[in-house]
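In: using only what follows, build the 3D model:
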Amino acid sequence: MNTLHYRMTVLLLAACAAAACSQQESSSETQRDVAKEQAKAQADDAKAQADAAEKRADARRELDKANTPSSVDSAAQDVRETDAKARYDVAMTKAEGDYKVAMERCEGQPAAQQSACRDAAKAERDQTEAAAKQQREQQQQ
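Out: Residues are numbered from 1 along each chain as shown. Model prediction:
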């Protein structure tokens, strides 16, 4: 009997949690959450940009040190690959930040529209990520 009570409690809690996930937030709560995610996204973007600049500078320093034709070619290839990866990392960071902001905005939608809003946010992120991957591959060639 105790196991049945436990299972019923778990099912009830799961149902309550699922219902709460699709409830519309108040406008002020949504604005606060969106602003918070935007600030986090901006900070993450700035860090990604700084990291990318540092990696590019390191690769260029190695190119400057190269003193034989083969080492110059190798270092130049490293610069191209580093630049492509840096651009990719920045784009992926931005895509994730934009996605999190969009998901917070979805919570301000009426419950019936939240699922479509989330799907649109995921599709936008996936499209942006695919474009970043394609661009990285083209730049590395």
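In: after the helix or strand hosting Met92 comes which helix or strand?
Out: Per DSSP states H and E, Met92 falls inside helix 69-106. As assigned by DSSP H and E, the chain's next helix or strand after helix 69-106 is helix 111-139.
In: quick one: that following helix to helix 69-106, angle?
Out: Using axes from the mean of the first three to the mean of the last three C-alpha atoms, to 10 degrees, the inter-axis angle of helix 111-139 relative to helix 69-106 is 170 degrees.
In: so which elements touch helix 111-139?
Out: helix 69-106 (3 or more C-beta pairs under 8 Å, 6 or more residues apart in numbering; DSSP states H and E). The C-beta positions use only the backbone N, C-alpha and C, and glycine is treated the same way.
In: what about the helix it packs on, average pLDDT?
Out: For helix 69-106, mean pLDDT rounds to 94.
In: mind listing what's buried along it?
Out: In terms of neighbour count (16 or more other C-beta atoms under 10 Å), helix 69-106 has its buried residues at 75, 78-79, 82-106.
In: ok, stretch 123-141 next?
Out: Under 16+ other C-beta under 10 Å, the buried positions of stretch 123-141 are 125, 128-129, 132, 136.
In: and that stretch, C-alpha only, in CSV?
Out: Provided in CSV are the C-alpha atoms of stretch 123-141 (Å, rounded to 0.1, in the frame of the first residue of the first chain):
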residue,chain,number,x,y,z
ALA,A,123,14.5,25.9,-35.2
GLU,A,124,16.1,29.4,-35.3
ARG,A,125,19.0,28.1,-33.1
ASP,A,126,19.4,25.0,-35.2
GLN,A,127,19.5,27.0,-38.4
THR,A,128,22.0,29.5,-37.0
GLU,A,129,24.2,26.6,-35.8
ALA,A,130,24.1,24.8,-39.1
ALA,A,131,25.1,28.1,-40.9
ALA,A,132,28.0,28.5,-38.5
LYS,A,133,29.2,25.0,-39.1
GLN,A,134,28.9,25.4,-42.9
GLN,A,135,30.8,28.7,-42.7
ARG,A,136,33.6,27.1,-40.6
GLU,A,137,34.0,24.3,-43.0
GLN,A,138,34.3,26.7,-46.0
GLN,A,139,36.8,28.9,-44.1
GLN,A,140,39.0,26.0,-43.3
GLN,A,141,39.5,25.0,-46.9
